[in-house]
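**Q** coords please:
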Amino acid sequence: MEFLLLLLVSGLPQVWGRYEVPPENFTFRVLQISSFVNSSWMRTDCLGWLGELQTHRWNNDSDTILCLLPWCHGGLSEQQWQKLQRVFQVYRISFKRDVQEILKMLRKDYPVELQISAGCEVDPRGSSESFLHIASEGVDILSFQGTLWEPAPEAPPWVHMVTRVLNLDEGTKETVQSLLNDTCPQFVRGLIEVGKSDLEKQEKPKAWLSSGPSPGPGRLLLVCHVSGFYPKPVWVMWMRGKQEQLDTQRGDVLPNADKTWYLRVTLDVAASEMAGLSCRVKHSSLGDQDIVLYWADESHVSVGLIILAVLVPLLLLVAGFYLWFKRHWTSSAQDVR
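**A** Numbers count the residues shown, from 1 in each chain. Prediction:
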């Protein structure tokens with residue numbers, strides 16, 4: 001049975017040269033979602049990521065892999081890239097047929113949705129670690145480990161039957177090994193080499209403090225905002241002196257329009273316990289110079305200054321109006337006399 005991959009791929013490792021890998025691990029991951037509505041209609045969409053950068057997309061309505069970055073060919077010639085395109089065109093046809101055969105064998109009902117995550121991680125020493133996981137309706141069912149297909153620990157009984165069938169196909173197993181252990185690492189090294197400037201980009205975060213809706217009587221929600229940083233990994237924590245506040249709540253790291261990232265970190269605290277609190281930010285772009293924002297300095301003082309900035313001009317305005325009115329009234333009284 002030809003399942004997931006094709007023997008065409010076995011010729012691909014020879015088309016890539018060798019590239020020097022920068023001193024950092026990079027993971028290339030292909031995410032595939034395939035929906036089988038019935039026995040004759042299905043949809044497959046794929047995304048390719050190198051680290052935090054989306055590099056490729058493959059839409060159901062297209063027969064070609066779309067490049068999302070100028071260097072996503074990874075050093076391949078045009079002829080080599082077209083060969084890769086043909087491999088994936090045939091793969092989609094084969095994948096559809098194989099899944100339909102399995103569903104027929106199992107007498108499973110439609111609709112069915114499968115998610116596949118496959119790729120490899122390359123480290124600075126040149127070694128790599130590959131992975132291929134398959135899920136159904138969001139639940140892991142199957143993976144490729146070393147030289148064999150293996151069911152997930154909590155997989156339903158029918159997955160064990162599928163695993164036995166797949167492991168009888170020596171050709172496909174060899175192809176999977178070649179793709180994951182040879183082709184993927186070489187392609188990643190090419191991507192790293194030609195995309196080095198983008199991959200090594202560093203953008204320093206900006207941080208500020210605010211307060212959120214009150215969690216309850218006598219309590220405050222302190223909010224630490226961190227934005228504009230790249231790459232994505234960042235450490236943000238509310239601190240009291242050198243003590244991490246374990247009640248710190250971290251939101252999701254969200255993308256900005258300029259391809260940098262944003263994070264919101266909160267702390268629910270009693271109003272009487274705010275003294276000495278600070279927000280600390282660590283990021284690769286900062287080196288050893290962490291950002292530390294003190295709640296008293298950034299919030300209470302700023303609020304006081306805002307109050308003074310509003311009240312002082314207002315008081316001066318009232319005083320000036322009073323003096324003008326007094327002089328005007330005195331002058332008018334003298335004219336009447």
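**Q** tell me which residues form a beta bridge with residue 255?
**A** Per DSSP bridges, the residues bridged to residue 255 are residue 261.
**Q** same thing with the one 10 residues further on?
**A** When bridges are called by DSSP bridges, residue 265 pairs up with residue 224, residue 250.
**Q** contacting residues for it?
**A** 223-224, 226, 236-238, 248-251, 279 (CB atoms under 8 Å, 6 or more residues apart in numbering). C-beta coordinates here come from the backbone N, C-alpha and C atoms, glycine included.
**Q** could you dump those residues into TSV with pLDDT and neighbour count added?
**A** Formatted as TSV, the contacts of residue 265 follow (pLDDT from 0 to 100; neighbours: other CB atoms under 10 Å):
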residue	pLDDT	neighbour count
223	97	20
224	97	27
226	98	23
236	97	23
237	97	17
238	97	23
248	96	17
249	97	13
250	97	14
251	96	13
279	97	26
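**Q** nearest to residue 178, of these?
**A** Relative to residue 178, the closest of those is residue 250; by CB to CB it sits at 40.4 Å.
**Q** quick check: the closest one vs residue 136, distance?
**A** As for residue 250, its distance to residue 136 is 31 Å (criterion: CB to CB, to the nearest Å).
**Q** picking that back up, looking at the contacts of residue 265, which is nearest residue 113?
**A** The nearest member of those to residue 113, counting by CB to CB, is residue 251 at 28.3 Å.
**Q** tell me the secondary structure for the residue nearest to residue 56 when sequence neighbours are not counted?
**A** In this structure, residue 56 finds its nearest non-sequential neighbour in residue 48, 3.2 Å apart by CB to CB, 6 or more residues apart in numbering. The assignment at residue 48 comes out as strand when based on DSSP: H, G, I helix; E, B strand; the rest coil.
**Q** count the neighbours of residue 48 for me.
**A** Residue 48 is flanked by 22 other residues according to other CB atoms under 10 Å.
**Q** now the helices for this protein?
**A** Ranges of helices in the chain, per DSSP state H, are 78-106, 157-167, 170-178, 184-194, 196-199, 295, 301-336.
**Q** mind listing what's buried in the third one?
**A** Meaning helix 170-178. For helix 170-178, burial by neighbour count (16 or more other CB atoms under 10 Å) applies to 172-173, 175-178.
**Q** what residue spans form the domains of the chain?
**A** Here the domain parsing of the chain from the TED database is 26-200, 206-294.
**Q** look up how far residue 205 lies from residue 282.
**A** Residue 282 is 10 Å from residue 205, by CB to CB.
**Q** which ones are touching the most centrally placed residue in the chain?
**A** Taking CA atoms, centre = their mean, the centroid of the chain lies closest to residue 52, which sits 5.7 Å from it. Residue 52 makes contact with 231-232, according to CB under 8 Å, 6+ apart.
**Q** and residue 76, how many residues sit next to it?
**A** Neighbours of residue 76 (other CB under 10 Å): 20.
**Q** touching, it and residue 84? I think so.
**A** Yes: taking CB atoms under 8 Å as the definition, residue 76 is a contact partner of residue 84 at 7.0 Å.
**Q** from what I can see residue 213 touches residue 220, true?
**A** No: distance between residue 213 and residue 220: 9.8 Å, which falls outside the contact criterion (CB under 8 Å).
**Q** contacts for stretch 129-146, please.
**A** By CB under 8 Å, 6+ apart, the surrounding residues in contact with stretch 129-146 are 112-121, 149-152, 154-156, 159, 162-163, 176, 180-181, 184-185.
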